[in-house]
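J.: take a look and give me a structure for this.
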Amino acid sequence: MSKFKKSSKASQDIPTAALPDIIFMLLFFFMVTTVLREVELLVNQQLPLATQLKKIERKSLVSYIYIGKPKNAKEFGVEPRVQVNDNFIGTKEIVQFVLTEKDKLDESERDQITMSLKIDKETKMGIVTDVQQELKEANALKVLYNTPRKVDM
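T.: Have a look, this model is predicted:
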């Protein structure tokens, strides 16, 4: 037997006082860096390529209109459709959509609204012309056509 006892005064506990602070810092980091989806596309989109592009100055003044064949052909058919936000609309409802989008803006910015058309490259020009005519009636004269940049090899 030994005459001396080993006495250990070191604690085996892990300090957890800073743990809530670390968790909240991680939570805030992911909340700030996460980008939320704006619109779920209901139409197929294969955009044509362009050689000259111009970047949008203020994206808050841009409203998007998507034109293409529906992804769910059984429910919506195979003809190209117009999608705004998360809904399909007819071409006659575009004026109401533009007025609704203008109402969301300040009074001074309503004339600066830009309608961005994202059109599938297989879409016929007839529906695009109908959309353009409705945009003219709604006095949304600033229209841009969205496309990715063509890469030269």
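J.: distance from the chain centre to the lengthiest helix in the chain, please.
T.: Identified as the longest helix of the chain according to DSSP state H is helix 19-33. Averaging C-alpha positions (CA atoms, centre = their mean, to the nearest Å) puts helix 19-33 25 Å from its chain's average.
J.: render the CA-only coordinates of the lowest-mean-pLDDT helix or strand in the chain in PDB, please.
T.: Each helix and strand of the chain was given a mean pLDDT (mean pLDDT, DSSP states H and E); the minimum falls on helix 73-76 at a mean of 85. Taking Å, rounded to 0.1, in the frame of the first residue of the first chain, the C-alpha atoms of helix 73-76 are listed here in PDB:
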ATOM      1  CA  ALA A  73     -47.300  19.900 -69.600                       C
ATOM      2  CA  LYS A  74     -50.100  17.700 -68.300                       C
ATOM      3  CA  GLU A  75     -51.700  20.400 -66.300                       C
ATOM      4  CA  PHE A  76     -50.900  23.500 -68.300                       C
END
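J.: so what touches it?
T.: Residues from elsewhere that reach helix 73-76, judged by CB atoms under 8 Å, 6 or more residues apart in numbering: 42, 70, 88. Bear in mind the C-beta positions are built from the backbone N, C-alpha and C, glycine included.
J.: repeat the analysis, applying 7 Å as the threshold.
T.: 70, 88 (CB atoms under 7 Å, 6 or more residues apart in numbering).
J.: and the residue nearest the centre of the chain, what element?
T.: Nearest residue to the geometric centre of the chain (CA atoms, centre = their mean): residue 38, 3.7 Å. Using DSSP states H and E, residue 38 falls within no helix or strand.
J.: that's all I had, so thanks and see you.
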